[in-house]
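Q: what would the 3D arrangement of this be:
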Amino acid sequence: MEYSNLFASCIDSSGNAPEDQYCDVAKSNTIIREFIKETSCQSYFRYNSKGEIIPNGQSHVWSDYEKAQTLTEDEKDARHAIRELNLNHHSLVDARKKCLDALLSVLGKKTKEEWMAMIEKWLHSDVFPDFIELRIQYIQKYINAA
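A: Reported below is the predicted structural model:
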């Protein structure tokens with residue numbers, strides 16, 4: 001779920017049927033906005049509890065974005081990228097859902113206060129700060145919403 005590592009996160013799907021290809025293989029030569037080069041890349045996308053990747057907007061499920069007529073330009077670009085890269089292919093959604101379920105099962109084993117203390121410790125650690133920052137933000141959002 002690290003956007004700066006998106007290329008490495010995609011398993012080669014070149015031998016799959018066209019509808020089962022994703023990432024760069026599915027995109028082929030189609031031009032999409034180069035989110036990866038933008039410093040605020042992660043602000044254009046988010047994940048829902050179903051494991052879908054969606055534009056960062058008002059709706060909470062991919063199907064709402066697929067049929068939406070009124071979107072911001074950033075939401076339209078994000079939707080286009082998700083479609084062209086086939087990022088909601090069932091195998092990718094299933095893999096994300098498994099990760100999310102594992103995270104949620106771990107979260108329930110500590111109190112909100114314990115997690116907030118751990119987050120504070122992680123944020124002041126010099127061990128892999130860039131690598132864990134996005135994950136910490138997701139955990140923090142979940143805990144604050146609970």
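
Q: quick one: A78 and A117, what's the gap?
A: Noted for A78: a distance of 34 Å to A117, by C-beta to C-beta, to the nearest Å. (Each C-beta comes from the backbone N, C-alpha and C, glycine too.)

Q: the two: which is more packed in?
A: Using other C-beta atoms under 10 Å as the criterion, A78 and A117 rank with A78 on top: 26 against 12.

Q: what's the helix or strand for the more buried one?
A: If you go by DSSP states H and E, A78 is part of helix 73-85.

Q: can you give me the buried ones in that helix?
A: Of the residues in helix 73-85, those with enough neighbours to count as buried (16 or more other C-beta atoms under 10 Å) are D74, E75, K76, D77, A78, R79, A81, I82, R83, E84, L85.

Q: so where is this protein shaky, pLDDT-wise?
A: When residues are selected by pLDDT under 70, those of the chain lie in 1-11, 126-146.

Q: before we move on, back to that, of the buried residues of helix 73-85, closest to S105?
A: Distance from S105 was checked for each of these by C-beta to C-beta. The minimum falls on I82, at 27.1 Å.

Q: if I pick the closest one, what's in contact with it?
A: Shown here is I82, whose contacts under the criterion C-beta atoms under 8 Å, 6 or more residues apart in numbering are F45, I53, I54, P55, W62, Y65, N88.

Q: and E52, by the same measure?
A: Listed by C-beta under 8 Å, 6+ apart, the contact partners of E52 are V61, W62, N88, V93, R96.

Q: looking at those residues, which are in helices?
A: Here DSSP state H is the test, and the contacts of E52 give W62, V93, R96 as lying in helices.
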